[in-house]
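Q: starting from these lines, generate the structure:
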Amino acid sequence: MISLAPSLTEIAYAVGCGDLLVGDTRFDDYPPAARSLPHVADLMRADLERIAALEPTIVVALHDQEYEGSKIQARLRVPIVYLPNRNIADLYADITGVAQACGRQLQGAKLSAALRAEIAAVTREAALRPNHPTVLLLIGLPGFTVGKRSYLNDLIAAAGGVNIAGEIDEAYPRISDEAILRADPDVIIVTRDTPFGADIRSREPWRSLRAVRTDRVLRPPNDDVLERNGPRVVEGLRWLSAALR
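A: Sure thing, here's the model as predicted:
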């Protein structure tokens, strides 16, 4: 089996079929065993020659990867399983799909049940809080964030926050300085790959924002626990819930 997405690779190991993986992407770094697999793709391109040499019997990919997946299927005649990645609920579909692809359906069902219970518990606790802060999740400058079609929008809601871009019908929109100023978020979550030091904060629109003035600018311990819709999503959700409390 080959995985074309880091989140699916993490799922494969979590359901006990890491030993069946023969290749993954150059971004795969968790669990550590994934780092030693042949990296045959980069989320946009797949190395057909290397994939052919590994002789996979199946490939798991996300729906956004039809372009590279279609080439594998057409030229190598290897079946591709495409899985969704738009909201938290898609996590369970991904677990089911990966588990079926490698014959670990029971392990997949157990993992899904455990994650559902943990996510529900965090969501219930967050819903009972009297205040639900507005949040800007900044994934890049200038003003790149997450909208309605990103699972991160669901994650913010589950953690007890209100995404200031949650009404935008896109996955990763860019919002203007004026829109950021109007929203004036209570909290800004900045991914670790996004520069947001004192030089950036001293400029508009950032210096005028409530979150900057009150030092409510936070960075996750690891971007992947937020950005990968995989088994570690609970770790990211717990952190985000605590950050918004």
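
Q: contacts and neighbour counts: CA atoms only from here.
A: Noted.

Q: which stretches of this structure form strands?
A: Using DSSP state E, the strands of the chain run over residues 2-3, 24-25, 39-41, 59-62, 80-83, 134-138, 162-163, 187-190, 217-218.

Q: run through who's touching the helix with the most length in the chain.
A: For the chain, the helix with the greatest residue count under DSSP state H is helix 105-127. By Cα atoms under 8 Å, 6 or more residues apart in numbering, the residues outside helix 105-127 that reach it are 14-16, 92, 95-96, 99, 158-160, 231, 234, 237-238, 241, 245.

Q: looking at it now, give me its mean pLDDT.
A: With pLDDT averaged residue by residue, helix 105-127 scores 98.

Q: from here on, count from 682
A: Okay, residue one is now 682; in that scheme the one you just asked about reads as helix 786-808.

Q: distance between that helix and the chain's centre?
A: Distance of helix 786-808 from its chain centroid, counting by Cα atoms, centre = their mean, to the nearest Å, is 17 Å.

Q: could you do stretch 815-830 as well?
A: Between the mean C-alpha location of stretch 815-830 and the chain-wide mean there is a distance of 13 Å, by Cα atoms, centre = their mean.

Q: so for that stretch, mean pLDDT?
A: When the per-residue pLDDT values of stretch 815-830 are averaged, the result is 96.

Q: name whatever forms a beta bridge with the closest residue to G778 other than its chain neighbours.
A: Nearest non-adjacent residue to G778, counting by Cα to Cα, 6 or more residues apart in numbering: L764, 6.9 Å away. Note on L764: beta-bridge partners by DSSP bridges are L743.

Q: tell me which residues touch L764, please.
A: For L764, the contact set (Cα under 8 Å, 6+ apart) comprises V741, A742, L743, H744, A774, D775, G778.

Q: before we move on, what about G697?
A: Under the criterion of Cα under 8 Å, 6+ apart, the neighbours of G697 are R785, Q788.

Q: which residues are contacting stretch 874-884?
A: Against stretch 874-884 from outside (Cα under 8 Å, 6+ apart): L819, I820, G821, L822, V871, W887, R888, V893, D904.

Q: if we use 10 Å, what do you get?
A: Where contact means Cα atoms under 10 Å, 6 or more residues apart in numbering, the residues beyond stretch 874-884 that reach it are 819-823, 825, 871, 887-890, 893-894, 898, 900, 903-904.

Q: now do the domain split for the chain, please.
A: Here the chain is described, according to automatic domain parsing, as comprising the domains 683-796, 811-925.

Q: thinking L809 is in contact with G841, fair?
A: Yes - applying Cα atoms under 10 Å, one finds L809 in contact with G841, separated by 8.7 Å.

Q: the more surrounded of these two?
A: Between L809 and G841, counted using other Cα atoms under 10 Å, G841 has the larger neighbour count: 29 against 10.

Q: measure L833 to A770 for me?
A: For L833, the distance to A770 under the criterion Cα to Cα, to the nearest Å works out to 12 Å.

Q: give me the more crowded residue out of the two.
A: With neighbours defined as other Cα under 10 Å, L833 and A770 compare such that L833 has more, 27 against 14.

Q: how about the more buried one: what's its closest non-neighbour residue?
A: Spatially, and ignoring its direct neighbours in sequence, L833 is nearest to V827 (6.6 Å; Cα to Cα, 6+ apart).

Q: ok, the one you found - contacts?
A: Applying Cα under 10 Å, 6+ apart, the residues contacting V827 are 817-820, 833-834, 837, 844-847, 849-856.

Q: are any of those buried, and if so which?
A: 817-820, 833-834, 837, 844-847, 849, 852-856 (16 or more other Cα atoms under 10 Å).

Q: neighbours around A801, how many?
A: The number of residues packed near A801 is 13, by other Cα under 10 Å.
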